[in-house]
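In: Need the 3D shape of this:
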Amino acid sequence: MNFDLNIVPFSRRESFLAVSLLPEGKDREKGLYLRSVRGGDDKFGEAFLIELLGRQNEPVSFEPQASPEIIRLICSDPDMHAEICIPDSRTVRFRSEGCGIRLTFFPAAYDYAYEADQNSWEVNSFTHGCRFMLTRLTGLMNMEVEWNEIKSSRVVAEFTVEAGTNIVEFAVEEFITVKEPRTEWEAFDDAVQKVQQDYAGWLKNTLIVPNRWQEARELAAYITWSCLVPAEGCLTRPAMYMSKNWMTNIWSWDNCFNAMALVRHNPELAWDQFMIFFDRQDESGLIPDFVNDKYELWNCNKPPIHGWTLSWMMSRTDFIKEPQLREVYGPLSKWTRWWFTYRDSDGDGIPQYNHGNDSGWDNSTAFNNGIPVESPDLASFLILQMEILAEIAGLLGLSEESKAWRQKADDTLEDMIRHFWKDGRFIACRSGTHEVSEGDSLLLFVPILLGRRLPEHIRTALLEGLKDENRFLTDNGWATESVNSRYYKPDGYWRGPIWAPSTMLLVEGAAAAGDLELAREVSNRFCRMLSVSGMAENFDAMTGAGLRDRAFTWTSSVFLILGHEYTI
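Out: Residues are numbered from 1 along each chain as shown. From the prediction side, this is the model:
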């Protein structure tokens with residue numbers, strides 16, 4: 001498998017390091033960069049520009065060819081080429097033949113470089129929150145470092161061939177505090193083979209999909225494997241980032257879909273993905289919106305899909321036994337109570353979203369008329385969450401708590417239908433005034449997840465709406481806003497584009513409501529689109545083109561789940 005470094009970063013399991021082709025930007029020239037994804041989202045984290053050097057140390061053009069274990073930099077001169085490998089979580093190895101390699105670091109803040117020993121230079125990057133050790137293995141190393149009172153204003157490392165030889169090898173190691181020197185280095189080819197074997201093992205345990213989508217399966221497997229980062233800093237467990245482009249966090253509903261894709265073949269890692277946010281839970285019961293190695297964000301949150309996720313996982317693995325149930329019961333109970341305690345401003349028993357971001361559907365038309373918003377998807381998630389809490393309480397011998405959760409779920413279902421089902425459809429409304437939201441959002445069909453708990457006439461109406469090819473259903477799946485809505489935009493984020501999580505929720509809902517044919521049809525359309533357009537954050541509903549971040553893990557995970565569950 002080869003992939004485009006403009007779209008999919010080159011990285012490996014449990015590493016913060018990545019290599020990407022980046023476009024020209026502010027204070028950045030177009031080129032190939034070694035990056036660090038530490039410290040949060042919305043930035044590329046470029047650390048070193050990578051260039052090849054000809055015999056006169058002039059830059060030489062090249063075309064990168066990336067596969068999971070290696071990047072090959074191909075020159076027009078067949079006697080020149082280079083290779084890059086990430087053999088372990090903190091090391092990048094470089095090897096070139098017939099040419100040199102230049103790394104240019106762009107200092108900021110108090111960044112500096114100094115000679116650690118005769119073969120190594122340390123680059124201390126305040127910008128990235130880490131240090132890099134550059135070590136010559138074969139060939140010559142020349143450093144150009146300018147000191148400007150409190151920082152190095154320029155850092156350029158050139159690794160070139162030595163007289164009588166034609167090979168250059170060096171390493172870049174990332175570390176935080178101190179780095180013990182290595183006594184030996186494995187052969188470059190052995191390092192590549194080790195990575196190849198690691199990815200092959202991951203691929204072997206990745207969910208099986210139909211043969212016609214094998215290339216897409218390999219891409220999804222690579223993205224999920226390569227987006228893992230280690231337990232470090234605020235990350236209490238190994239975590240699967242949403243991407244190693246710029247969405248370099250875990251969000252507190254995105255991680256659920258990744259856990260679901262892992263649970264059959266890697267249940268321990270799946271459990272880590274599911275529980276990591278509960279490790280950071282506030283005393284009130286709130287869990288953060290997102291977490292990375294440096295910090296967590298509390299300004300908003302994400303919907304409580306965790307009960308539904310847990311129930312789904314429990315039906316597909318025997319890994320979740322009494323110790324796991326005891327671990328999760330208290331935190332999941334607090335998270336559920338938080339909604340009823342702190343998110344019901346008008347006291348009507350119907351919890352609210354204070355902002356679109358809290359729903360995960362950030363700019364959905366359900367929020368057109370102002371905030372806070374009471375929405376039936378939230379009530380549905382809480383009903384399912386309370387049902388699984390009732391089940392777990394029963395398994396743990398907490399019979400009174402089980403009965404209470406069951407009663408609360410039943411009461412909330414009655415309240416939800418009475419509150420939101422108006423004139424043959426679900427509505428969303430402002431909390432307090434109960435003014436009905438404008439637009440025609442797919443969000444209002446999420447209660448189909450309740451399946452046969454809903455009265456037959458409601459199930460029928462929801463399924464008919466989901467089958468309407470003049471409303472939400474396109475050749476590629478479900479648009480998030482009706483294509484006939486005046487608010488529909490092809491790249492409108494949650495106002496039109498197709499998303500993996502909404503697709504998964506509604507496919508599961510259609511199946512729960514008894515329409516397995518619809519669940520399979522939409523799964524096929526969605527997976528077919530991804531086999532052509534890749535694992536993007538979202539997709540143009542009409543053309544199927546990938547939008548925004550185009551190497552996303554929850555998209556990869558949902559592709560694998562739906563391909564495995566509904567299309568084989």
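In: Compute the number of surrounding residues for W147.
Out: Using other CB atoms under 10 Å, W147 has 12 other residues around it. For glycine as for every other residue, the C-beta is placed from the backbone atoms N, C-alpha and C.
In: pLDDT score for it?
Out: Listed pLDDT for W147 reads 94.
In: And for P490?
Out: Model confidence at P490 (pLDDT) stands at 98.
In: and what of D42?
Out: D42 carries a pLDDT value of 64.
In: Next up, the contacts around the residue lying farthest from the centre of the chain.
Out: What lies farthest from the middle of the chain is G164; by CA atoms, centre = their mean that is 47.6 Å. If a contact means CB atoms under 8 Å, 6 or more residues apart in numbering, then G164 has no contacts.
In: Can you point out the helix or strand that includes it?
Out: Of the helices and strands defined by DSSP states H and E, none includes G164.
In: before we move on, what about I458?
Out: helix 456-467.
In: now the closest residue to Q324 other than its chain neighbours: how far from T553?
Out: With CB to CB, 6 or more residues apart in numbering as the criterion, Q324 has its nearest non-adjacent residue at 6.4 Å, and that residue is W271. Separation of W271 from T553 (CB to CB, to the nearest Å) stands at 17 Å.
In: Have a look at the two and say which one is more surrounded.
Out: Ranked by neighbour count (other CB under 10 Å), W271 and T553 place T553 first, with 29 against 21.
In: So what does that one have for phi and psi?
Out: Backbone torsions for T553, taken as degrees, to the nearest 10, come to phi -80, psi -40.
In: need the strands for the stretch 301-450 of the chain, in chain order.
Out: In the stretch 301-450 of the chain, the segments counted as strands under DSSP state E, counting those that start in this stretch are 373-374, 421-422, 425-426, 429-430.
In: Listing request: residues of the chain with sub-threshold pLDDT.
Out: For the chain, applying pLDDT under 70 flags the ranges 41-42.
In: Would you agree I150 is in contact with A108?
Out: No - with contact defined as CB atoms under 8 Å, I150 does not reach A108; the gap is 11.8 Å.
In: Relative to the whole chain's centre, how far out is the helix holding I458?
Out: Relative to the centre of its chain, helix 456-467 is centred 32 Å away, using CA atoms, centre = their mean, to the nearest Å.
In: What separation is there between the residue farthest from the centre of the chain and T138?
Out: Per CB to CB, G164 is found 12 Å from T138.
In: same check, this time on I176
Out: 28 Å.
In: between these two, which one's more packed in?
Out: T138 (16 against 12).
In: Who is the more buried one paired with across the strands?
Out: Beta bridges link T138 to E169 when assigned by DSSP bridges.
In: need the contact list for it.
Out: E162, T165, I167, V168, E169, F170.
In: Restricting to C-alpha, output the one helix or strand W121 maps to in CSV.
Out: Per DSSP H and E: W121 is located in strand 120-125. Output in CSV follows, covering the C-alpha atoms of strand 120-125 (Å, rounded to 0.1, in the frame of the first residue of the first chain):
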residue,chain,number,x,y,z
SER,A,120,25.3,14.5,18.1
TRP,A,121,23.6,17.9,18.4
GLU,A,122,20.6,18.6,20.7
VAL,A,123,17.8,20.9,19.5
ASN,A,124,15.7,22.1,22.4
SER,A,125,12.3,23.1,21.1
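In: Now for the closest residue to T236 other than its chain neighbours, how many residues are close by?
Out: Spatial nearest neighbour of T236, chain neighbours left out: D279 (4.2 Å); criterion: CB to CB, 6+ apart. Number of residues near D279 (other CB under 10 Å) recorded here: 15.
In: ok, now how distant is D279 from P490?
Out: For D279 relative to P490 (CB to CB), the value is 39 Å.
In: could you say what helices and strands the one helix or strand F526 maps to packs with?
Out: Under the criterion of DSSP H and E, F526 resides in helix 516-533. Secondary-structure packing of helix 516-533 (3 or more CB pairs under 8 Å, 6 or more residues apart in numbering; DSSP states H and E): helix 214-226, helix 456-467, strand 477-478, helix 500-512, helix 553-566.
In: which parts of the last one are buried?
Out: Within helix 553-566, the residues that qualify as buried by neighbour count (16 or more other CB atoms under 10 Å) are 553-566.
In: Would you reformat the residues you listed as TSV and include distance to T236?
Out: Formatted as TSV, these follow (distance: CB to CB, whole Å):
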residue	distance to T236
T553	19
W554	20
T555	25
S556	23
S557	21
V558	25
F559	28
L560	25
I561	25
L562	30
G563	31
H564	29
E565	30
Y566	34
